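In: Just need the structure, nothing else, for what follows:
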Amino acid sequence: MGQPKTNNKTVNPALAAAERKYQRGKPVPFKKVRSGKLRGKLERQEEKIRDAVQSAARAELLLGEEAGYLEAEGIEKTYNYRQDQLSKEVDINTSQKIFNLDLPDHGPYSIDYTRNGRHLLIGGKTGHLAAFDWQSGKLHFEVHVNELVRDVKWLHNETLFAAAQKRCVYIYDNSGLEIHRLKNHMDVTKLEFLPYHYLLATVGNAGFLKYQDTSTGQLVSELRTKLGSCATMAQNPWNAIMHLGHANGTVSLWSPNMSSPLVKMQCHRGNVQALAVDPTGRYMSTAGLDGQLKVWDIRKYEVLQEYYTPRPATSLSISQRGLLGVGWSTHVSVWKDAFLTKQNSPYMNHIQPSSSIRDIQFVPYEDVLGFGHAKGVSSIVVPGAGEPNFDSLAANPYQTKKQRQETEVHSLLDKLQPDMIALDPTHVGRMTRMTKQDIIRVRKEEKEQDESARYQKLRKKAKKHLKRHENVIEQRKVIN
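Out: Numbers count the residues shown, from 1 in each chain. Here you go, the predicted structure:
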């Protein structure tokens, strides 16, 4: 057959298919434009678009790594494979990623990985804090704050992190030195960091959701949830919306621009124990005290799948490739394709003997799942969990000190403002098709409706007041 030819040049079929993938509609017919200046401008624009498509297609051909999953033969089941069996079959580098840190005196532990998946931060309940490069085994620091630590979180990179301690939130550097104390964030139970906005979000027993700008040190907003104590929080990486799980079984969605929740979802009959959001922002998984594990489609706010856990799940995590990790009791279960179809059995299962699971998290760009438990920190291999090809401009696991500094400067220059956080991020920058007269008319109608609603409310209140006092005998009503 041979390869197809166009303009006497041999075309790579794979490159042509990749170009069709990145094309965005038909090109503008600029040849029919009469104005020479406009025609030249459109021609240059189409040339830039064509070059961008070709560059993206060539870059995709260079991504040679492919994600592979664990497959069983015959009547074997993948969830029956143990980590010691996998360590004998994989390469030496992968087998070294299976380890256990025995720290029985300071658990249970909360963990967090950096965005490039290179550095690990652990925080014990009794006040043990440590950070290290978990792949090379290089310890950054280890300190004891002698105070209750509820949660830990890396900030924009591995140089700074936050710890939710008994009284308030503290900021430390990578040497364990205390940099700052956030006095406004009291009795915090959960931390989240928005890397593109440089916002540290906290929620605690007081029921307040607070946003702190870590680049300027200002408190951006303080929102009262009015739903009591909250110990479950996760962020949506797609639109930077915070998801909070409450004791009455509801999950509320928040942004720093609104004083009330954007969405309220009744997810469980009991307390929401854990929740996680898919990296694409399409799916959400919740676990409640009722023993139910539910998968939700955030685009339609409806439940897709329902599962049952023998014990209420304590932590959830979703990998870059869509694997769902569930930590319950002393077990860690991993579900494959849980968002697409109903699964009868988990993809993998791991048991941590006599140690309850506290916090689990998939490592970015690695087929590894780390979890903190009552007796320390452990790491297991989960084939097919991480994205095999990373973008060095977004997160580089092999970055040098100079590259890290340059990335920090660029991220500060490209920092997004909190006002841009919205439920639909594609709405930002979109042009309206309404004319100026239509916008004025719509605003006038909305103003009239608001005034009418306010008048009806006052009238109803006045009528209720008169009805309540019609039988009251006052001094001025008495006629001598």
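In: is it true that residue 268 touches residue 285?
Out: No. If you go by CB atoms under 8 Å, residue 268 and residue 285 don't touch, sitting 12.0 Å apart. Quick note: C-beta positions are derived from backbone N, CA and C, even for glycine.
In: Now the common contact residues for those two.
Out: Common neighbours of residue 268 and residue 285 (criterion: CB atoms under 8 Å, 6 or more residues apart in numbering): residue 294.
In: who's more crowded, those two?
Out: Higher neighbour count among residue 268 and residue 285: residue 285, with 27 against 24, using other CB atoms under 10 Å.
In: is it true that the more buried one lies in a helix?
Out: No. With DSSP: H, G, I helix; E, B strand; the rest coil as the criterion, residue 285 is located in strand rather than a helix.
In: check contacts around it.
Out: Contacts of residue 285 (CB under 8 Å, 6+ apart): 275, 276, 277, 293, 294, 295, 296, 316, 318, 324, 338.
In: Who wins on neighbours among these?
Out: residue 324 leads those on contacts (other CB under 10 Å) with 27 neighbours.
In: List the residues that contact residue 265.
Out: Applying CB under 8 Å, 6+ apart, the residues contacting residue 265 are 250, 251, 252, 253, 296, 301.
In: hey, what's the first one bridged with?
Out: Taking DSSP bridges as the rule, residue 250 bridges to residue 266.
In: For the contacts of residue 265, which PyMOL command selects only the ones that are buried?
Out: Selection of buried members from the contacts of residue 265 for PyMOL, criterion 16 or more other CB atoms under 10 Å:
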select buried, resi 250+251+252+253+296
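In: Farthest pair within the contacts of residue 265?
Out: 252 and 296 (13.4 Å; CB to CB).
In: Have a look at the chain and report its longest helix.
Out: As assigned by DSSP state H, the longest helix anywhere in the chain is helix 436-469.
In: in that helix, what's buried?
Out: Result for helix 436-469 [16+ other CB under 10 Å]: no buried residues.
In: so for that helix, what's the average pLDDT?
Out: Average pLDDT, helix 436-469: 83.
In: same thing with stretch 249-257?
Out: In the prediction, stretch 249-257 has an average pLDDT of 94.
In: And for it, what's in contact with it?
Out: Contacts of stretch 249-257 (CB under 8 Å, 6+ apart): 199, 209, 211, 220-221, 223, 225, 227, 236, 240-246, 261-272, 275, 284, 286, 288, 290, 418-419, 421-423.
In: Please narrow those to those residing in strands.
Out: 199, 209, 211, 220-221, 223, 242-245, 263-266, 272, 275, 284, 286, 288 (DSSP state E).
In: List buried residues within those.
Out: 199, 209, 211, 220-221, 223, 242-245, 265, 272, 275, 284, 286, 288.
In: Greatest separation within these: which pair is it?
Out: Taking CB to CB, no two of these sit farther apart than 220 and 288, at 30.6 Å.
In: secondary structure element for residue 179?
Out: strand 178-186 (DSSP states H and E).
In: Mind checking the pLDDT average for that strand?
Out: 93.
In: Just checking: what are the partner strands of the helix or strand following it?
Out: The helix or strand immediately downstream of strand 178-186 is strand 188-194, counting by DSSP H and E. Strand 188-194 has its sheet partners listed here by DSSP bridges as strand 199-204 (antiparallel).
In: Centre of the chain to the strand it pairs with, how far?
Out: 13 Å (CA atoms, centre = their mean, to the nearest Å).
In: cool, and stretch 233-244?
Out: 5 Å.
In: end to end, how far does it reach?
Out: 5 Å (CA to CA, to the nearest Å).
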